[in-house]
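Colleague: Please find the sequence and the predicted model below.
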Amino acid sequence: MKIPLLYEIEKTIRNFFKKPKDFCINEKIELYRKLSDAEDVSGTPFVCQPTLLLGKGKIEFGENVRLGYFPSPYFYNGYMHFQTQGEKAIIKVGSNTVINNNFIAIANNASIEIGESCLFSYKVEIINSDFHNIEPDKRHSGGGGISKDVIIGNNVWLGSSVKVLKGVTIGDNSVVGAGSIVTKDVPANTLVAGNPAREIKKIW
Ligand SMILES: CC(C)(COP(=O)(O)OP(=O)(O)OC[C@H]1O[C@@H](n2cnc3c(N)ncnc32)[C@H](O)[C@@H]1OP(=O)(O)O)[C@@H](O)C(=O)NCCC(=O)NCCS
C-alpha cells in the first residue's frame, strides 16, 4: 500500500529552511497512515490532520485536495475517516476541495462522489448506507441496510456538523447550514438548513 502525502514534501522544505513551525508534520499523522489499510488509493492530498484510509474499495483524490485545517476546531484532536466497505465502494474527492477537521465518509457498496472546489467545515459526516436493517429481528445481522450513491456537486459548502445520508445529491454551489441533516436531494444554487434540511432560499 502506498499513500502519497504532500506533507512529506512540506517537511523536507521546512527542514531545508529550518523553519520552527511544524504543524502538518506530526507523529499522529504517521501513525494513522500506518493504521490505514486501503488497497486502492490515488492522488496526493495535503494531509493536515491524522487520516485513516480503510477498505477494499477505491479512494480517489483530485489535485490540491486539503484534509484538515489549522487553525480550526479539533485540529490534532481527532482524525479524518475515509472507509470503503465492499469492492464496489468508491469515495472520490474532486480537485481543490478543502475538508476541515474530523470528517467522516463511509461508502458501503456504492459511491460517495464529492465535486471540485467544495468547502466542508469541521465534523462533516457523509454515509451512503444505513448499515443495519430497521426490522428488529434483522437489525443485528451485519451487512444489512440500504446503500445508495451520494453525489455532491462542485463548489458546495457544508457547514459544521452537517450529516449527509444515503442517496442524496447536492447540486453545484449549494450551501448546507451548520448542524443540518440532509436526507433529500438539494438543487443547485440553493441554501438548505435544519433537521431534516429544508430549502431556505435560492442563492442567486
Ligand atoms: C447557512 C448560513 C451560512 C446561512 O446564513 P444566512 O444566509 O445569513 O441565513 P439567515 O441567518 O438569514 O437564516 C435564514 C433562515 O434560515 C434559518 N437557518 C439558518 N441557518 C440555519 C441552520 N444552520 N439550521 C437551521 N436553520 C437555519 C434561520 O433561522 C432563518 O430562518 P427564518 O427565516 O425562519 O427566520 C448560516 O446560517 C450557517 O449555518 N452558518 C454556519 C456555517 C458554518 O458552519 N461555518 C463554519 C466554518 S466553515
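Modeller: Perfect, I can see it now.
Colleague: Tell me who's in contact with the closest residue to A188 other than its chain neighbours.
Modeller: The shortest distance from A188 to any non-neighbouring residue, by C-beta to C-beta, 6 or more residues apart in numbering, is to G171 (3.0 Å). Just so you know, the C-beta spots here come from the backbone N, C-alpha and C atoms, and that holds for glycine as well. Residues counted as contacts of G171 (C-beta atoms under 8 Å, 6 or more residues apart in numbering) are 153, 156, 185-190.
Colleague: Please repeat the previous calculation with a cut-off of 7 Å.
Modeller: Residues near G171 by C-beta atoms under 7 Å, 6 or more residues apart in numbering: 153, 186-190.
Colleague: Low-confidence ranges, this protein, go.
Modeller: Scanning the chain for pLDDT under 70 picks out 1-25, 142-143.
Colleague: what does it have sitting close to the ligand?
Modeller: 121, 159-160, 175, 177-180, 191, 193-194, 200 (C-beta under 6 Å from any ligand atom).
Colleague: and if we set it to 8 Å?
Modeller: When proximity is defined as C-beta under 8 Å from any ligand atom, the chain approaches the ligand at 72, 100, 119-122, 157-162, 175-180, 191, 193-195, 200-201.
Colleague: out of these, which are buried?
Modeller: By neighbour count, with 16 or more other C-beta atoms under 10 Å, the residues of the chain next to the ligand hold 100, 120-122, 157-160, 162, 175-177, 180, 191, 193 as buried.
Colleague: Of the residues you listed, which is the nearest to A107?
Modeller: Of all those, F120 has the smallest distance to A107: 15.7 Å, by C-beta to C-beta.
Colleague: That closest one: what's it in contact with?
Modeller: 99-100, 103, 158.
Colleague: among the residues you listed, which are in strands?
Modeller: Mapping those onto strands (DSSP state E) picks out 99, 158.
Colleague: and which of the contacts of G171 is nearest to the ligand?
Modeller: Checking the contacts of G171 against the ligand with C-beta to the nearest ligand atom, the nearest one is T190 at 11.1 Å.
Colleague: Quick check on that closest one: phi, psi?
Modeller: T190 adopts backbone torsions of phi -130, psi 140, taken as degrees, to the nearest 10.
Colleague: Count the neighbours of the residue lying closest to it once chain neighbours are set aside for me.
Modeller: Leaving aside its sequence neighbours, T190 sits nearest to S174 (C-beta to C-beta, 6+ apart; 4.8 Å). By the criterion of other C-beta atoms under 10 Å, S174 has 23 neighbours.
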